[in-house]
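Undergrad: have a look at this prediction, sequence included:
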Amino acid sequence: MPRSSSLPPRPLRLVAGAALALSIAALVVLVLVSILRAATGAAASSVDIWRLVVMTSTQAALTTVISLIVGIALAWALNRLRFPGRDLIVGLFASAIVTPGLIIAFGLLAVWGRAGWVNEASLALTGQSLEVPIFGLGGILAAHVILDASFAARILLARLDAIPEARLKMGQSLGLGALQRFTVIDWPMLGPTLPGLGAIIFLLAFTSFPIVLLLGGGPANQTLEVAIYAAVRLDFDLAGAVQLALVQIAICSAIILATAAFAPVSAATGRSRPPRWRDAGWARSVQWAILAVSIVGFALPLVAILVDGIGPGIIELAQRESFWRALVTSLVIGTGSAALTLLLALTIGMARAATASRLARTAIGAPAYAYLAVPAVVLSLGAFLLVRDMGLLPEFAAPVVVLVANALLSLPFALATLAPPLEAVAASRGKLIRSLGLGGWAQFRDVEWPLLSRDAGVVVALSFCFSLGDLGVVALFGTEDFTTLPLAMYRALGAYRSNDAATIAALMLLLTIAAFTLLPRLFGRSSDAAR
Amino acid sequence: MSFKHFALAAALSAIAFPTLAQDKPVLTVYTYDSFAAEWGPGPALKAGFETTCGCTVNFSASEDAISTLRKVQLEGATSPADVVVGLDTATAPEARKTGLFATHDLTLPTLAIDWADPDFVPFDYGYFAFVYNKEKTPNPPKSFEELIALPPSFKIVLQDPRSSTPGLGNVIWIRTAYGDRAPKIWQGLKPHILTLSRGWSEAYGLFLDGQADMVLSYTTSPSYHAIAEQDGKYAYAEFTEGYVPQVEVAGVLKTAKQPELARQFLAYLVTPEAQAVIPTTNWMYPVLDMAETLPAGFGTPPANVLTLDESVLDTSLKAWVDEALAALQ
């Protein structure tokens, strides 16, 4: 093989990566075994699993179809329109991937709920109350589409931006109409992305937890994740929870295997260039309309959270010791799991890049991707049972478990973002590194890190935000003394301290925005300075 | 000290040392949110008990009473709780079956209600009812059937019977009033249910917020608005089916670190001093007969009270909950 000769030998990287991959695989097995071991008892509650599966699948399928359609429309509009603040708007939609579901659900209630903005406005203007069914399937779909369509739009926009200039010039000279341009030039770029993107969205919707918990409105609208949580927390039916968890893992694995051809989408999308060739006439009006509706739909719940949450309530909240503890816990867990994610992804990615054997690369990467099939609540349940079996008090194990679990859950995305550039560096600069006689550390410091640091920043930001917004893992482990911000918010809602909940939501949103915008820049700059 | 050091130290103390060392023994009481809230009975009872016990009372609140039971079950033998306050007559059999509760071993004073339970001590009672706003709903429904007949835009908030005692009480109410027709009633209610909340606080909050037209609460809830807020616009809907009573109880855990203090606390709950706190904080009837000391406007218990067969409750409650949840799917 021509490639292998150019790769500098890095046995240490291989060993470290293989060891990590093994331990990650061992952890998956351990979690599965502890779940299986608990499955012996008979389930106490009469949960109709089949009904749950149908209900969850229907919801996920609807979410996927609507999100893809809206995502395509939005990407199309963004690709064509040129306006001041375009970068900001594109960034806004890109941030959807890290916006905690709990926050979107809460924001939707603030805007569309019976006592929300829209209804109040309608009452004031027309005296009529608008009955928007925000609890139930409608609300769940709305929250999912807000997040997933924005995510889809950002990915698809990157595809449209990647259309070669020559093809656009050709199309322009042929005088293609807006519709022809879409079918002839855009669709061939978008089409192949849709199955993989659709699978991710389906998986996200199928395993949705906080949104369904908040907006489900009871047993009529559940996902398997919520049912697992309910079986443990509401019925104390561990055997029932385990049955549900096994079904959940089986279905998620099937989805992933069925779409094995696609790798998880890289979270790092470059800057979107404003278009040179714009559509005219009706198409442009439609694009403006799509953009306006999308911005209002996406941004209004977030604006509502900031407006409702930033106020005198902050002073009251700041006097609660429990709030400060939750804040510090969240920051420590978020920072810790982000650092761990980066470390794991770099180690595994570098090991993959150090070998020319395709089989070895797959073997090293596969355990990390396995966590796509193990959703948060299931992972948490497994860890919970494991800790109980070991006779430990869950609250002592909680900080470690929550930190590690969150890191593992972001690992597939982190690896998908960092592994390809690492392999590209090894392939394209391997010869140079060999001829310079660089050691492993020098290779990392002088060659790889400067090229990767911005992506690493994206990984850290992503992982920090995932962990900051996590409710699925912490829901089973949270105690009075170990509480994160999302859990504190969920508890405040349960105790009807809406002001506290609103303020925590606003704070989480600000933290998310700050991490997502600042961290990639910070990391990017550190490498610029080193250069 | 740099910010980093400070943050790290704070984080470590937050995670590793949740409670500071205290000289006095600490009595840990698991209860529901509205009991421990500033305006609930918790603070006054804590202050009252601490004057004599030489201890510190720590409340740890869950959304509702059944959640506290689940918490104790999840924690098992490692639970830090000494006392659980807020379970009721409907949940006591299940709590007993967990084997986690010890007998109270107390000689109770003469109570206003019949009581012979060896494990749990009653501290108040009330009757479940739907509360509404008279200004917004001039003609409230007079039965579950009338409620069902209203247009679907008429919304109610219920509590999840798996986490909340009022939610469970409603299951018992419908079953006692309608027998085998209960699933039909639940199906009829389905379009009216805005959401099943985890606990009473969330449900009542949604109602006060204007998110729903009626909320499942107690016949005594309007008294709170009338007495504490001088606001007469709330009332409970008088249902012709009759009312289901709820007796709230407290129990000591076998694994209590402070079993003596725990029993003293239970005994304190039925003293005239503690009982005087209940009506205007928990807005329930005290279990000591002190009708003449109730504030004006507190209202008398409804006349039409349904009788519950506790042995049937013990055997069928789980099935009734499943039946109700199935009808809501």
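TA: Received the coordinates, thanks.

Undergrad: excluding its backbone neighbours, what's nearest A:Arg429?
TA: Once flanking residues are discounted, A:Arg429 sits nearest to A:Val447: 5.9 Å by C-beta to C-beta, 6 or more residues apart in numbering or on different chains. For glycine as for every other residue, the C-beta is placed from the backbone atoms N, C-alpha and C.

Undergrad: which SS class is the one you found?
TA: Three-state call for A:Val447 (DSSP: H, G, I helix; E, B strand; the rest coil): helix.

Undergrad: and for B:Thr195?
TA: Here B:Thr195 is recorded as strand under three-state DSSP.

Undergrad: contacting residues for the residue nearest to it when sequence neighbours are not counted?
TA: Of all residues not flanking B:Thr195 in the chain, A:Gly217 sits nearest, at 4.0 Å (C-beta to C-beta, 6+ apart). Listed by C-beta atoms under 8 Å, 6 or more residues apart in numbering or on different chains, the contact partners of A:Gly217 are A:135-136, A:139, B:193-196.

Undergrad: again with A:Ile290
TA: Contacts of A:Ile290 by C-beta under 8 Å, 6+ apart are A:73-74, A:76-77.

Undergrad: going by neighbour count, which of the residues you listed are buried?
TA: Among the contacts of A:Ile290, those scoring as buried are A:73-74, A:76-77 (criterion: 16 or more other C-beta atoms under 10 Å in any protein chain shown).

Undergrad: closest to A:Met390 out of the contacts of A:Ile290?
TA: A:Leu74 (48.4 Å; C-beta to C-beta).

Undergrad: and residue 97, how many neighbours?
TA: I'll assume chain A. Using other C-beta atoms under 10 Å in any protein chain shown, the number of residues around A:Ile97 comes to 20.

Undergrad: I was after chain B.
TA: B:Lys97 has 10 nearby residues by other C-beta under 10 Å.

Undergrad: just B:Ala235 next, same as before
TA: The tally of other residues near B:Ala235 (other C-beta under 10 Å) stands at 19.

Undergrad: ok now whatever helix or strand A:Thr56 lives in, how far from the chain's centre?
TA: Assessed by DSSP states H and E, A:Thr56 sits inside helix A:49-80. Here the centre of helix A:49-80 is set off from its chain's centre by 16 Å, with C-alpha atoms, centre = their mean, to the nearest Å.

Undergrad: touching chain B at all, it?
TA: Yes. Shown here: helix A:49-80 in contact with chain B (C-beta under 8 Å from any C-beta of the partner chain) through A:Arg51.

Undergrad: mind giving me the packing neighbours of that helix?
TA: Counting contacts by 3 or more C-beta pairs under 8 Å, 6 or more residues apart in numbering or on different chains; DSSP states H and E, helix A:49-80 packs against helix A:86-94, helix A:137-161, helix A:194-206, helix A:224-233, helix A:238-258, helix A:282-309.

Undergrad: which parts of it are buried?
TA: By neighbour count with 16+ other C-beta under 10 Å, helix A:49-80 contains the buried residues A:49, A:52-53, A:55-57, A:59-60, A:62-64, A:66-68, A:70-80.

Undergrad: which residues of the stretch 201-329 of chain B lie near chain A?
TA: Taking C-beta under 8 Å from any C-beta as the measure of proximity, the stretch 201-329 of chain B contacts chain A at B:201-202, B:204-206, B:209-212, B:322, B:325-326, B:328-329.

Undergrad: from those residues, which two are the most distant?
TA: Using C-beta to C-beta, those span at most 32.6 Å, a distance reached by B:Gly210 and B:Asp322.

Undergrad: quick one on the thing from earlier: of the residues of the stretch 201-329 of chain B next to chain A, closest to chain A?
TA: Using C-beta to the nearest C-beta, B:Gly205 comes nearest to chain A of those, at 3.2 Å.

Undergrad: that closest one and A:Asn499 touch, don't they?
TA: No. If you go by C-beta atoms under 8 Å, B:Gly205 and A:Asn499 don't touch, sitting 10.9 Å apart.

Undergrad: neighbour-wise, which of those two wins?
TA: Shown here are B:Gly205 and A:Asn499; by other C-beta under 10 Å, B:Gly205 has more neighbours (20 against 17).

Undergrad: how about the nearest residue to that one, chain neighbours excluded?
TA: Distances taken as C-beta to C-beta, 6+ apart place A:Tyr496 nearest to B:Gly205, at 3.2 Å, with adjacent residues excluded.

Undergrad: confirm that the one you found sits in a strand.
TA: No. Note on A:Tyr496: no strand contains this position according to three-state DSSP, which reports coil.

Undergrad: do you know how far it is from B:Arg198?
TA: 10 Å (C-beta to C-beta, to the nearest Å).
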